[in-house]
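Asks: need coordinates for the below:
(2 chains)
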Protein chains: 2
Amino acid sequence: MEAISIGLLGLGTVGSGVVKIIESHQDKLMHQVGCPVEVKKVLVKNLSKERAVEVDSNILTTNPDDIIKNPDIDVVIEVMGGLEETKEYLQTAISHHKHIVTANKDLMAVYGPELLSAASENGCDLFYEASVAGGIPILRGLVDGLASDRITKMMGIVNGTTNFILTKMSKEGSAYEDVLKEAQDLGYAESDPTADVEGLDAARKMAILSTLGFSMNIDLDDVKVEGITDITEEDLQYAEQLGYTMKLIGIAHREGEKVEVSVQPTLLPESHPLAGVQDEYNAVYVYGEAVGETMFYGPGAGSLPTATAVVSDVVGVMKNMRLGVNGKSAVTPQYDKKLKDGSEIFSKYFLRLHVSDEVGVFANITTIFSDHHVSFEKILQVPVKEKIAEIVLVTHQASLDDYETILLSLRDLEAVEEIKSSYRVEGGARR
Amino acid sequence: MEAISIGLLGLGTVGSGVVKIIESHQDKLMHQVGCPVEVKKVLVKNLSKERAVEVDSNILTTNPDDIIKNPDIDVVIEVMGGLEETKEYLQTAISHHKHIVTANKDLMAVYGPELLSAASENGCDLFYEASVAGGIPILRGLVDGLASDRITKMMGIVNGTTNFILTKMSKEGSAYEDVLKEAQDLGYAESDPTADVEGLDAARKMAILSTLGFSMNIDLDDVKVEGITDITEEDLQYAEQLGYTMKLIGIAHREGEKVEVSVQPTLLPESHPLAGVQDEYNAVYVYGEAVGETMFYGPGAGSLPTATAVVSDVVGVMKNMRLGVNGKSAVTPQYDKKLKDGSEIFSKYFLRLHVSDEVGVFANITTIFSDHHVSFEKILQVPVKEKIAEIVLVTHQASLDDYETILLSLRDLEAVEEIKSSYRVEGGARR
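Replies: Numbering: from 1, shown residues only, chains lettered A, B, ... in the order given. Here you go, the predicted structure:
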């Protein structure tokens, strides 16, 4: 039986992992797909570089056309990263009727819908499981497992670096900068950690997840983003004292036809399934109308987990090839994009402020809240230094508009020295 | 386009849920499958009984042949429960070339391999996602998501009733009998709770999971089972004190060609992902060679979650029908069954015993352990009453054979008043 031929764009850690898995699992792949699988060409930058995996030097090439325009190649695996150039390669490959498997979240967050529609027009599959949360089969879970359900909410810990940092800070009471440095030394954070710590990486993944889960074309620009750089040890101590755990949470919430997608540091009750997700692990919590709460947990990155997800997608493509049904699984968004405005986004909030320790101040503050019909779930007041008291509040549900108006009014209040921090609080509706 | 016709065996809570979902999600099903879906016949015991869902009385029948031998029916959904009679119905349906979707774990644990092979011979699909852990797409996760990986270990909280009871006991310090009664009042436990609390229900699910995950024909009789009825408040208090959480855990562990499958009360470190799974929720933790740790979490039972899993399976069958590839997804076990013996099963153990509070007793006890090369991770000793001390030990890894020999020797020791309890300890190898 003729082998299915693969062209690999990139031979870094993930690419090497893909080659390793395909070689060592030949019998299992054969059993699943019914024919052999062969890596035929690999695009690299430098032909003579040392590799983590042994590859016949004859199949290495520095010319992308040897893959994307090669009539002998059936499936192109893109693990080279990058955006504009990579997109052009994949468009060329699709126009040459090659199926695509990619692990590139930047690409999918920005050009996903465009590439998916090109693939569909050319009868090609474009699978991208590895682009969100590496080793967790979350996209497949959304498409297949909940096939007969409607998703109303997704909450995800979808960035391993920030979860590692927040876990360390919470456990050890260390400062952000110290933990970041440790994470960099351990290789869990890049030397330029901006994309991770500012929440951009998580935002890309939430755009991909919500586009699929809500069948609505959510762009990266639609995702409101706030990173973890301003979180202090004090915030984490108060969080713990009040029974919360701080996580960088991506939230995608649909009510009726309208959705909200955002990424921000968020307090979760300690009993929430996401609160227990530690270190560099990822998890996506999904709420479906019929099924209720489910959660997918696993490694969010790493060479082998990501490579495993890539090969799983390749198996999916190959099964479709043998069935002759490629290009049909990419579902074009069914619904028009409708984003909630600030009056439609509801949440609880944690607020920490320093106020003058005088008679009547507390009443002034609570009046501002009650004027906007926002009440409190928890209140804590402690003296911090002479004449200054620290107040920590957790509100009941409030609209984002109301809450932002309240913050403005508080800033105008003379007795308010400083608004130290403010975080969204989620997960309370559970049970 | 011609509708795909469904025959439903049973119209209890799950059956009613299936009817509801198929009716309310017609557009979504149409979008996925490309043709309408119709419930054509429903087998009930009593034609005139009140139903949780409105069903045209013309489609109700008390004669199973109207479904299992009906040439107009494509897919038979079995949600009636039962074993021998149900198996015969399904065999008849398969011989009449009907595809099967079942939620029946008893059936699949006992007759699964037989029915799967009959289905495969007749070109029929037999899907059973709903039989394990209701709303969690775990079987699909094992088959698809980890398609290019080898599973080495699965640990599951796969029984909601016992997890509810253990969560309550741990949180409230209540006695087993009191919590069981409360669970029965709330409808979380049956009036005869034997199958749940003795671990049999969990064992059935572990047989199904390990058969699929290890591609090896694991029978219910191969699963060693111990229930939760002997767990005391004292055990839970010590567990907490030592940093553990008590769960009823199904373990399926492969090393080389040999496997162990068991269900028993097990202590897990509080930081283990399974330790945070509370109340009636289920979760299955899967360890794959390449992907590492993943976990699937969700409702283990309930009318709508189970019905959702059933309908997802129906969608899978219908897609296969339209592709003309039914009967190919049931993978017959690839490997011969090889079970580990007691010398090959390794674990840590928690042991609580009452001993005479005399000089030399502790040395006598520890000598018995060291004679079998078993050392300790944690030791706790407290006086309980005059001349009696309580000793709580957590061992390092020991073989089951060695541990059982040690227990026998301890029982022979005059200074040992009573062995109060003994539990397996898992999850320590994590990170």
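Asks: partner strands of the host helix or strand of residue A:41, parallel or antiparallel?
Replies: Taking DSSP states H and E as the definition, residue A:41 sits inside strand A:37-43. Using DSSP bridges, the strands paired with strand A:37-43 in its sheet are strand A:4-9 (parallel), strand A:60-61 (parallel).
Asks: tell me which of the ones you listed sits most buried.
Replies: Comparing the strands paired with strand A:37-43 by mean neighbour count (mean count of other CB atoms under 10 Å in any protein chain shown), strand A:4-9 comes out on top with a mean of 25. No exception for glycine: its C-beta is placed from N, CA and C like everyone else's.
Asks: look up phi and psi at residue A:256.
Replies: phi 60, psi -130 (degrees, to the nearest 10).
Asks: can you check residue A:354 too?
Replies: Main-chain dihedrals, residue A:354, degrees, to the nearest 10: phi -100, psi 130.
Asks: what does the least confident helix or strand in chain A by mean pLDDT rub up against?
Replies: The weakest-scoring helix or strand in chain A, judged by mean pLDDT, DSSP states H and E, is helix A:26-33 (a mean of 77). Applying CB atoms under 8 Å, 6 or more residues apart in numbering or on different chains, the external contacts of helix A:26-33 come out as A:4, A:22, A:36-37, A:311, A:315, A:318-319, A:322, B:147-148, B:150, B:331, B:334.
Asks: from memory residue A:353 sits against residue A:413, does it?
Replies: No. Residue A:353 is beyond contact range of residue A:413, at 9.6 Å (criterion: CB atoms under 8 Å).
Asks: of those two, who's got more company?
Replies: Using other CB atoms under 10 Å in any protein chain shown, the more surrounded residue of residue A:353 and residue A:413 is residue A:353, with 22 against 16.
Asks: mind listing what the more buried one touches?
Replies: Contacts of residue A:353 were listed using CB under 8 Å, 6+ apart, and they are A:365, A:390-391, A:410, A:416-420.
Asks: just give me the neighbour total for the residue nearest to it when sequence neighbours are not counted.
Replies: Distances taken as CB to CB, 6 or more residues apart in numbering or on different chains put residue A:419 closest to residue A:353, at 4.9 Å, once the chain neighbours are dropped. Neighbour count for residue A:419, taken as other CB under 10 Å: 14.
Asks: and residue A:419, what does it touch?
Replies: A:351-353, A:407, A:410-411.
Asks: touching the strand holding residue A:41 from outside, list them.
Replies: By CB under 8 Å, 6+ apart, strand A:37-43 touches A:3-11, A:15, A:18-19, A:22, A:26, A:29-30, A:55, A:59-64, A:66-67, A:70, A:72-73, A:80, A:314, A:318.
Asks: near chain B, which residues of the stretch 301-431 of chain A are found?
Replies: Contacts of the stretch 301-431 of chain A with chain B, taken as CB under 8 Å from any CB of the partner chain, map to A:302, A:304-305, A:307-309, A:311-312, A:314-316, A:323, A:325, A:331, A:334, A:431.
Asks: give me the buried entries from the residues you listed.
Replies: Neighbour-count burial (16 or more other CB atoms under 10 Å in any protein chain shown) applied to these gives A:302, A:304-305, A:307-309, A:311-312, A:314-316, A:325.
Asks: out of the residues you listed, which are inside helices?
Replies: The helices, defined by DSSP state H, take in A:304-305, A:307-309, A:311-312, A:314-316 from these.
Asks: so where's the stretch 201-350 of chain A uncertain?
Replies: A:323, A:329-332 (pLDDT under 70).
Asks: what about 80?
Replies: Scanning the stretch 201-350 of chain A for pLDDT under 80 picks out A:301, A:319, A:322-325, A:327-334.
Asks: please enumerate the helices of it.
Replies: Along the stretch 201-350 of chain A, counting by DSSP state H, counting those that start in this stretch, helices occupy A:233-241, A:303-323.
Asks: can you redo those helices as TSV with distance to residue B:271?
Replies: As requested, the helices of the stretch 201-350 of chain A are exported to TSV (distance: least, CB to CB, whole Å):
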stretch	distance to residue B:271
helix A:233-241	15
helix A:303-323	20
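Asks: and residue B:109, which of the ones you listed is closest to it?
Replies: helix A:303-323 (27.4 Å; CB to CB).
Asks: quick check: the residue of chain A most remote from its centre vs chain B, distance?
Replies: Among the C-alpha atoms of chain A, the one most distant from their mean position (CA atoms, centre = their mean) is that of residue A:359, at 46.4 Å. Counting by CB to the nearest CB, to the nearest Å, the gap from residue A:359 to chain B is 42 Å.
Asks: and residue A:191, by the same measure?
Replies: Residue A:191 is 25 Å from chain B, by CB to the nearest CB.
Asks: so that residue makes contact with residue A:185?
Replies: No. With contact defined as CB under 8 Å, residue A:191 and residue A:185 do not form a contacting pair (10.5 Å).
Asks: who has more neighbours, those two?
Replies: The neighbour comparison of residue A:191 against residue A:185 (other CB under 10 Å) goes to residue A:185, with 9 against 5.
Asks: confirm that one sits in a strand?
Replies: No. Per DSSP: H, G, I helix; E, B strand; the rest coil, residue A:185 lies outside any strand segment and is helix.
Asks: and the pLDDT for it?
Replies: Looking at residue A:185, its pLDDT stands at 91.
Asks: residues touching it, list them.
Replies: Contact criterion CB under 8 Å, 6+ apart gives no residues in contact with residue A:185.
Asks: quick check: mean pLDDT across the strand holding residue A:41?
Replies: Summarised as a single mean, pLDDT over strand A:37-43 is 95.
Asks: tell me which of the contacts of residue A:353 fall in strands.
Replies: Using DSSP state E, A:390-391, A:416-420 are the members of these that sit in strands.
Asks: report the buried members of those residues.
Replies: With neighbours counted by 16+ other CB under 10 Å, those contain buried members at A:390-391, A:416-417, A:420.
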